[in-house]
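Colleague: After the sequence you'll find the predicted model.
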Amino acid sequence: MAQLVYDKTGRLLFTQEMRKEYTILIPQMLPVHFGFFAKLLERTGYQVAILNNDGRAVVDSGLKYVHNDACYPALLVIGQMIDAIQSGGYDPHKVALLITQTGGGCRASNYIHMLRKALEKAGLDYIPVISLSFGMEKNPGFHWSLGLIRRLIYGMMYGDLIMNVANQVRPYEVNRGDTNARVEYWTGELLNRFDQGEGMTRKKMRKIFDEICADFKAIPVAGEEKVRVGVVGEIYIKFSSLGNNHLEQFLLEEGAEPVVPGLTDFLIFKIYNRVSDVEMFGGSWAKEALCRFFMGYVEKCQLDMIAALNAAGFRAPAPFKELHRLVGGYLNDGCKMGEGWLLTAEMLELIHSGTPNIVCAQPFGCLPNHIVGKGMIRVLKDDYPDSNIVAVDYDPGATKINQENRIKLMLANAKRLAKEQQAAGQPAAAGHP
């Protein structure tokens, strides 16, 4: 058994010896993306498991070990980790927990400290916690490399592409399950190609983008155009089915087509914040130059994905620069806590691209996102009267039926507006590939 090692501040470290023996547990958020991330980490020598435990037990575990004033994502993420350990699925003496630490003003930067406090309260303080950050905390058994970063970026790009095409095909598939089958196939196929060294350059990635798009385009589709519904909000609640009570599945069941902005814009947004910090407040020119280079590379990859989607006849998201342009006059670069101006920009991009029906998923306790999400809805509706935006709160006490009733009311308004537009001979804000 690996010996426990502490740093000078008393923080338990994840050591090289633990890397060989321990399984790193990661909370679930995006199944396709995180499936890639887990497998890529495994191929770098780590033992990894993505947690998929769901239901009320996770919420109750979070309520038991996290202060009830904490934001809902923190409660769910920490609750999912502790519930997974206490349920007996893992040896608590052979696991480590990985959690992101952004370093920004959002309370997400404190999740790692809240998790350690929760583990202590649960009598599990011998479990090491790994900070997924750039240099905020160091663990000798977990470190970044340029190769790993590049692989994770490509994994993110493939995840966003697959999410885009799957969401545009799934509502119209003739044979139920075809889309999910192709998602599963490409998840395994891409990992095999990674092992063979394929898909790890932009040139090869562009070729694979085209293959994926062509494969999903070949899925038989039929049926009338459905109302498109965009999903925005705090990043965890927007993406996590645990956090949003399986929102995408509910929209499908209600006859809508979910439109979910990808993870790439969020990554570029976080890098861009480091650039704007230097521009607004001063700082290291070397740091700014490095961030600009990194941001530029990810933006080029995003443009490759957009080009592939357009060439195959799918709707493509706008590039990051377009989102930044759209939000001008509403919010400036200094508004960057939580999802900051990006959340408002995503709503604007959805409206401009023909998806005025939007669910803004707001977790309890997330003050930044209540400002840039719910707080901006009235302004957007004044400028875009046909926009149909509903803010839905997610918290431990909120009932699923109340959340779904609010969404159903929004959908009823969307379908009524679509009929009125069709009667007037205007293009309806809906469509399929």
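Modeller: Alright, I've got the coordinates. This structure is a prediction, so every number in the text was calculated from the model and none was measured.
Colleague: what about the stretch 151-300 of the chain, any weak spots by pLDDT?
Modeller: 199 (pLDDT under 70).
Colleague: Mind jotting down where the strands sit in it?
Modeller: 227-233, 256-259 (DSSP state E, counting those that start in this stretch).
Colleague: Between those, which one is closest to Val221.
Modeller: strand 256-259 (11.3 Å; Cβ to Cβ). In this view, the C-beta of every residue, glycine as well, is placed from N, C-alpha and C.
Colleague: which of the strands of the stretch 151-300 of the chain is buried the deepest?
Modeller: Of all the strands of the stretch 151-300 of the chain, strand 227-233 has the most neighbours on average by mean count of other Cβ atoms under 10 Å, namely a mean of 26.
Colleague: Quick one: residues contacting Tyr72.
Modeller: Applying Cβ atoms under 8 Å, 6 or more residues apart in numbering to Tyr72 gives the contacts 237, 243, 363-366, 394-396.
Colleague: want to throw the strands of the stretch 151-300 of the chain into JSON lines with distance to Met295?
Modeller: Supplementary listing: the strands of the stretch 151-300 of the chain in JSON lines, determined by distance: least, Cβ to Cβ, whole Å:
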{"stretch": "strand 227-233", "distance to Met295": "22"}
{"stretch": "strand 256-259", "distance to Met295": "25"}
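Colleague: Identify whichever of those strands lies nearest to Ile371.
Modeller: strand 227-233 (12.7 Å).
Colleague: circling back: in ChimeraX, how would I select the buried members of the contacts of Tyr72?
Modeller: In ChimeraX, a selection of the buried entries from the contacts of Tyr72 looks like this (16 or more other Cβ atoms under 10 Å):
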select :237,243,363,364,365,366,394
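Colleague: can you redo the contacts of Tyr72 as CSV with secondary structure and distance to Ala311?
Modeller: Listed next are the contacts of Tyr72 as CSV, based on DSSP: H, G, I helix; E, B strand; the rest coil; distance: Cβ to Cβ, whole Å:
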residue, secondary structure, distance to Ala311
Ile237, helix, 33
Gly243, coil, 34
Pro363, strand, 37
Phe364, coil, 42
Gly365, coil, 43
Cys366, coil, 38
Tyr394, strand, 37
Asp395, coil, 43
Pro396, coil, 45
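Colleague: among the contacts of Tyr72, which one has the lowest pLDDT?
Modeller: Comparing pLDDT over the contacts of Tyr72, the lowest score belongs to Gly365 (75).
Colleague: Spit out the contact partners of that one.
Modeller: So Gly365 contacts 69-72, 74, 107, 395 (Cβ under 8 Å, 6+ apart).
Colleague: Most neighbours out of those, which is it?
Modeller: Most neighbours among those, by other Cβ atoms under 10 Å: Cys71, with 27 neighbours.
Colleague: Hmm, Cys366 and that one touching each other?
Modeller: Yes: Cys71 is within contact range of Cys366, at 4.8 Å (criterion: Cβ atoms under 8 Å).
Colleague: Next, show the common contact partners of the two.
Modeller: Common neighbours of Cys71 and Cys366 (Cβ under 8 Å, 6+ apart) are Glu234.
Colleague: Run a quick neighbour tally on Lys217.
Modeller: 15.
Colleague: now do His324
Modeller: 18.
Colleague: which parts of the strand or helix carrying it are buried?
Modeller: Assigned by DSSP states H and E, His324 belongs to helix 320-326. Going by neighbour count (16+ other Cβ under 10 Å), the buried part of helix 320-326 is 320, 322-324, 326.
Colleague: what do you get for stretch 82-95?
Modeller: 82-86, 90, 95.
Colleague: With stretch 392-401 instead?
Modeller: 392-394.
Colleague: now swap in stretch 174-181 and tell me
Modeller: 178-179.
Colleague: repeat for stretch 51-69
Modeller: Using 16+ other Cβ under 10 Å, the residues of stretch 51-69 that count as buried are 51, 53, 58-59, 61-62, 65-66.
Colleague: Also stretch 23-37?
Modeller: Those would be 24-37, for stretch 23-37 by 16+ other Cβ under 10 Å.
Colleague: before we move on, back to that, closest to Ala289 among the buried residues of stretch 392-401?
Modeller: Tyr394 (39.7 Å).
Colleague: where's the closest one relative to Gly375, distance?
Modeller: 17 Å (Cβ to Cβ, to the nearest Å).
Colleague: ok, Val165 - contacts?
Modeller: Contacts of Val165 (Cβ under 8 Å, 6+ apart): 212-213, 216-217, 309, 312, 314, 433.
Colleague: Let me fix that, I meant to ask about Gly155.
Modeller: 33, 36-37, 40, 190.
Colleague: Can you lay out those as TSV showing distance to Tyr330?
Modeller: TSV is the format used below for the contacts of Gly155 (distance: Cβ to Cβ, whole Å):
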residue	distance to Tyr330
His33	28
Phe36	34
Phe37	33
Leu40	37
Leu190	37
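Colleague: Give me the subset of those residues lying in helices.
Modeller: 33, 36-37, 40, 190 (DSSP state H).
Colleague: Tell me which stretches of the stretch 1-150 of the chain form helices.
Modeller: In the stretch 1-150 of the chain, the helices defined using DSSP state H, counting those that start in this stretch lie at 16-21, 31-42, 56-65, 72-86, 111-121, 146-169.
Colleague: Dump the ones you listed into a markdown table; add distance to Ile99 as well.
Modeller: Output for those, formatted as a markdown table (distance: least, Cβ to Cβ, whole Å):
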| stretch | distance to Ile99 |
| --- | --- |
| helix 16-21 | 16 |
| helix 31-42 | 13 |
| helix 56-65 | 14 |
| helix 72-86 | 7 |
| helix 111-121 | 5 |
| helix 146-169 | 16 |
